[in-house]
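K.L.:
only geometry, no sequence info:
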């Protein structure tokens, strides 16, 4: 019995290497409070079931009206802007670690979905997006004459 061997793909390797280098450099440079980008990425989980793709994103302190969600057949884009609190001007503030500002995340989906049937809900700082999978057209056998 023949097994299909996985062939090393230099382009996939280069893409993975670049992604890892970008992540490491980003962590090194953005630890400084002066080098942080103007936006930050929320934590996202993507789950796949036989009928749908489920995306959950943590957006703490963001109001539902400030979230923008865009879905295409193979991509999801989440953006939002949190408002700064007036606590910075208050005397006695010793430490502020919660981040406010712009959120942005764009991710490819693991399969084709039906964007017009997407449903989203936002409860307690967690955005949940349900994306029904598009039906995969199966080929049919053609009889050879």
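P.N.:
Alright, I've got the coordinates. This one's a predicted model, so the numbers in the text were calculated from it and none came from an experiment.

K.L.:
residue 19 falls within a helix, correct?
P.N.:
Yes. The assignment for residue 19 is a helix, going by DSSP: H, G, I helix; E, B strand; the rest coil.

K.L.:
list the contacts for it?
P.N.:
For residue 19, the contact set (Cβ atoms under 8 Å, 6 or more residues apart in numbering) is empty. For the C-beta atoms, the positions are set from N, CA and C on the backbone; glycine is no exception.

K.L.:
next one: it, what pLDDT does it get?
P.N.:
Reported pLDDT at residue 19 in the predicted model: 80.

K.L.:
do residue 41 as well
P.N.:
72.

K.L.:
residue contacts, it?
P.N.:
103-105.

K.L.:
and what of residue 132?
P.N.:
51-52, 113-114, 117-118.

K.L.:
which of the residues you listed has the most neighbours?
P.N.:
Using other Cβ atoms under 10 Å as the neighbour test, the contacts of residue 132 are led by residue 113, with 22 neighbours.

K.L.:
quick one: low-confidence parts of this structure?
P.N.:
Scanning the chain for pLDDT under 70 picks out 1-6, 26-40, 83-90, 96-100.

K.L.:
which stretches in it count as strands?
P.N.:
Under the criterion DSSP state E, strands of the chain are mapped to 39-40, 44-48, 52-58, 67-71, 75-81, 102-108, 119-123, 126-132.

K.L.:
direction included, what does the third one pair up with?
P.N.:
Each strand that strand 52-58 pairs with, and the sense of that pairing, follows from DSSP bridges: strand 44-48 (antiparallel), strand 126-132 (antiparallel).

K.L.:
many thanks, have a good one.
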